[in-house]
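Engineer: Pasting the sequence and the predicted model now:
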Amino acid sequence: MKSSVRKTSSQSLAATLALALISLSVLALLVTSSLQLFSNIQTQQGAIASNQRLVAQSAAKTVSGFVSERFNALATASRLADMATASPDTQSRLLQSMLGLEQSFKQLVLFDDQGQMLTYASRLSLTYGKIGEEHLSDIFQQTRQNGYYISPVSIDSITSEPEVILAVPVNDIFGDYHGTLAATVNLKFMWDLVARLDVGEGGHAYVVDRNGNLLAFRDTERVLQGDNVADIHTVREFIASPTTSAATHMSSYAGITGNNVVGSYVALGKPDWAVVIEVPWAEAYSGIIHDTVISIVVLAITAIFAGVMGVVIARRLTSPLVNLMEIASRIAGGERDLLVPVAGPREIAALAQTFNSMTSQLRSVLEGLEQRIAQRTVDLEVALAEVQARSQEQARLLEENAQQRQAIRELSVPVLPVTDDALVMPLIGAIDSERLSSIQERALQAIEHTSAHHLLLDITGVPVVDSQVAQGLLSVAQMARLLGAEAILIGIRPEVAQTIVGLGLDLKSLRTAADLQTILHDIH
Amino acid sequence: MANDVDLIFVFPTEPSLEARAATAGTNIPVVFAFSQVEGVDLINSIREPGGNITGVRIPGPEVAVKRFEIMHEIAPTAQRMLVPYLAGYPIVPPQLEALRPVAAATGVTLVEMPAASPAELEAALNAQVTGSDPGVDAIVQIVEPVAVTAETFVVLSEFASQYGLPIGGATMSVDGHESLFGLNVDNGDTGRQAALLVDKILKGTPAGTVPVVSPQVVLQVNYRAAQNSGVTLPKGLLSQANEIIR
């Protein structure tokens, strides 16, 4: 049977389940909230852009109105008073009246149809600020074609205030051209209009010319300094594309005050200025930010609720399993009689029931097994006793055998005293190394005990004398000599003698004799 | 200075010059009003006044010339125009320098009359009278302090009344003595502009970087005084007036 061990998590099932439930809930909430938020942002961005455009157009209308009103004042004066044919005194008085009516007119000049100055009125000295020669050509070209002229913005050298020249044709009742009425208009009178434009709480409007020069802004200091704001994103767009009537830039950029803003511009066309509207990014997106914050709060609350619910549900689901696990653990510890409460969801209740059934069966099986093991143990103990008895018997027999073998070994090398001075060792049968050792041991012991001077080695009964046997016999002879006895080899049969000679064995150092009687006779 | 002030608001020109000198080397900003910047060492330029000073200017030379032109319009036959002024007042020379060529161009002789006090002025006026000829045909006030003090104006007005001379330039009305017209900077506008400058500077903008502002100039015509003195005011002048006093 194969078993596999998978890597286990240290996290509890309840925690895992709770985490899974919370994750799923939060994921679902995140997805739905994000989609809703994205949709909301898209909608609100459109609304903000639309509102921006409306504010910008309104501001543009105000600024255009400033210029238009001055054009209209000039045009009305030129028509109502029949200026072209009026007396010089009337013309002069008319211009002076216009100075009184309109504060932004710094000076007024009436030209005839030939471009000659007829009369002139100025708010300040007559010696200051005549209309420059560089404008006259364009003025007459426009007005002779019944058009209105507006000059590029110039800066008053004394006051640093921006000003433009407006000119309208002076026509008779038939519309025939008879002259030109021109006015220098101080644009600082536009500043208050622009400063008063309602562009939200923190927003503002400003006017730039075609080159990005600031013409009107609530911070008049910057206008007076001749600030050029061409590096501002919307102004740059206007300069790059002055024919585009309007554009809204919804992404944040650094505005005229350096803050992050969203802005729009509306090109006035004529004059070639643009009104720029800037609203602080945070203000423009306050609705979106508010909705986003609300969504995040709702999401957080829902996530917390989902988390709590997840924990509760997870605990409710896993509580029976935890009980099951604890009881299984106790059963594993030996408390076999425990039962798991059958409770909880259907599947878990079924699992508990099955577990109880399984533990019951296991309990029966274990009890049977224990009985069988006990019986087997008894049987094995009996068998072991038998084996031990047999083993003791075998040891005893082996001991007896060893004693018998010792006795046989001693009997196979007998040492017999044949005289007071001689011992005989009749050797019968094959001689191996063990027996040679016994021969040596027995012979030496006998010589030592009897003080004999002759040891007669009778090999009549030895069937084979090989080099090992011959060497052994020579060793016995040498040892005996050391003990003061002479070893004599007797009974060499013809076939043995042939073998000794055939093998080339050297037994010259060993005295031999034909038989026992002969040698006994010789030594006595 | 001793009070360790945050800002000095000062007017007109002479105190402004003193304030500039007194605050030199300190970080106390100065905002001036009713101060002429032409011909005096008050600022470096309109756009960048420099130092630690800015303010609302009074366009002295322009106003003086325009007052002369208006007087010339009221009294086109006047050949001698009296211009009284405080002797040694620093903003006067630039105005006279602007006036002289304009007067010459119109054939008018400027009778420049410096004086240090009403009595001195009265003596100078009387000194130039020859018989029934007062020595001048009209009196025009330029932008300076002596002709606009009550006592001095009474002296001038009585002299003008005695010889039937038109007098105007600054709007004056003292004990029944009135000028025919006044071309003045708008006090309200000047104050408003100065307040904006002070606000900006107190919020941290260095004064020397804030451009000097030009206030609106308003024309007030005293129709009542003209009628009382038998002067006929040109309709053109009346029509361009910001205010007609009746």
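Structural biologist: Yep, it's here.
Engineer: Distance-wise, check residue B:169 relative to residue B:114.
Structural biologist: Per C-beta to C-beta, to the nearest Å, residue B:169 is found 16 Å from residue B:114. Every C-beta, even on glycine, is put in place using the N, C-alpha and C of the backbone.
Engineer: Residue B:104 sits in which helix or strand?
Structural biologist: Residue B:104 is part of helix B:92-106, with elements assigned from DSSP states H and E.
Engineer: Okay, and residue A:207 sits in which element?
Structural biologist: Short version, using DSSP H and E: residue A:207 is in strand A:204-208.
Engineer: returning to what we had before: what strands line up against the very next helix or strand once past the helix holding residue B:104, and which way round?
Structural biologist: Downstream of helix B:92-106, the next assigned helix or strand under DSSP H and E is strand B:109-115. If you go by DSSP bridges, strand B:109-115 pairs up with strand B:80-86 (parallel).
Engineer: hang on, the earlier thing: and the strand holding residue A:207, does that touch chain B?
Structural biologist: No: judged by C-beta under 8 Å from any C-beta of the partner chain, strand A:204-208 stays clear of chain B, getting no closer than 15.2 Å.
Engineer: Provide a list of residues in contact with the residue of the stretch 301-450 of chain A found nearest chain B.
Structural biologist: Residue of the stretch 301-450 of chain A nearest chain B, by C-beta to the nearest C-beta: residue A:301 (42.6 Å). Listed by C-beta atoms under 8 Å, 6 or more residues apart in numbering or on different chains, residue A:301 has no contact partners.
Engineer: Which parts of chain A belong to which domain?
Structural biologist: A:81-186, A:190-286, A:339-411, A:413-523 (automatic domain parsing).
Engineer: ignore the last one, chain B
Structural biologist: B:8-58+B:185-216, B:60-184+B:219-245.
Engineer: What I need now is those domains written out in JSON lines, including distance to residue A:248 and mean pLDDT for each item.
Structural biologist: JSON lines is the format used below for the domains of chain B (distance: least, C-beta to C-beta, whole Å; pLDDT from 0 to 100):
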{"stretch": "domain B:8-58+B:185-216", "distance to residue A:248": "31", "mean pLDDT": "93"}
{"stretch": "domain B:60-184+B:219-245", "distance to residue A:248": "41", "mean pLDDT": "93"}
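Engineer: Looking at these, which is nearest to residue A:119?
Structural biologist: Residue A:119 sits nearest to domain B:60-184+B:219-245 of all those, at 10.0 Å, using C-beta to C-beta.
Engineer: what's the span of the closest one from first residue to last?
Structural biologist: For domain B:60-184+B:219-245, the first-to-last residue distance is 24 Å (C-alpha to C-alpha, to the nearest Å).
Engineer: quick one: residue A:263 is in a strand?
Structural biologist: Yes: Residue A:263 forms part of a strand when assessed by DSSP: H, G, I helix; E, B strand; the rest coil.
Engineer: quick one: contacts for the residue lying closest to residue A:178 once chain neighbours are set aside?
Structural biologist: Spatial nearest neighbour of residue A:178, chain neighbours left out: residue A:84 (3.4 Å); criterion: C-beta to C-beta, 6 or more residues apart in numbering or on different chains. The contact partners of residue A:84, by C-beta under 8 Å, 6+ apart, come to A:78, A:112-113, A:170-172, A:178-179.
Engineer: one step back: remind me what the helix holding residue B:104 packs against, helices and strands.
Structural biologist: Contacts defined by 3 or more C-beta pairs under 8 Å, 6 or more residues apart in numbering or on different chains; DSSP states H and E place helix B:92-106 against helix B:60-74, strand B:80-86, strand B:109-115.
Engineer: Could you give me the buried positions within that helix?
Structural biologist: Residues B:92, B:94-96, B:98-99, B:102-103 are the ones in helix B:92-106 that count as buried (16 or more other C-beta atoms under 10 Å in any protein chain shown).
Engineer: would you turn those residues into JSON lines with distance to residue A:221?
Structural biologist: What follows is those, written out as JSON lines (distance: C-beta to C-beta, whole Å):
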{"residue": "B:92", "distance to residue A:221": "30"}
{"residue": "B:94", "distance to residue A:221": "25"}
{"residue": "B:95", "distance to residue A:221": "28"}
{"residue": "B:96", "distance to residue A:221": "32"}
{"residue": "B:98", "distance to residue A:221": "28"}
{"residue": "B:99", "distance to residue A:221": "32"}
{"residue": "B:102", "distance to residue A:221": "33"}
{"residue": "B:103", "distance to residue A:221": "37"}
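Engineer: any idea which of those is closest to residue B:204?
Structural biologist: Comparing these against residue B:204 with C-beta to C-beta places residue B:94 closest, at 33.5 Å.
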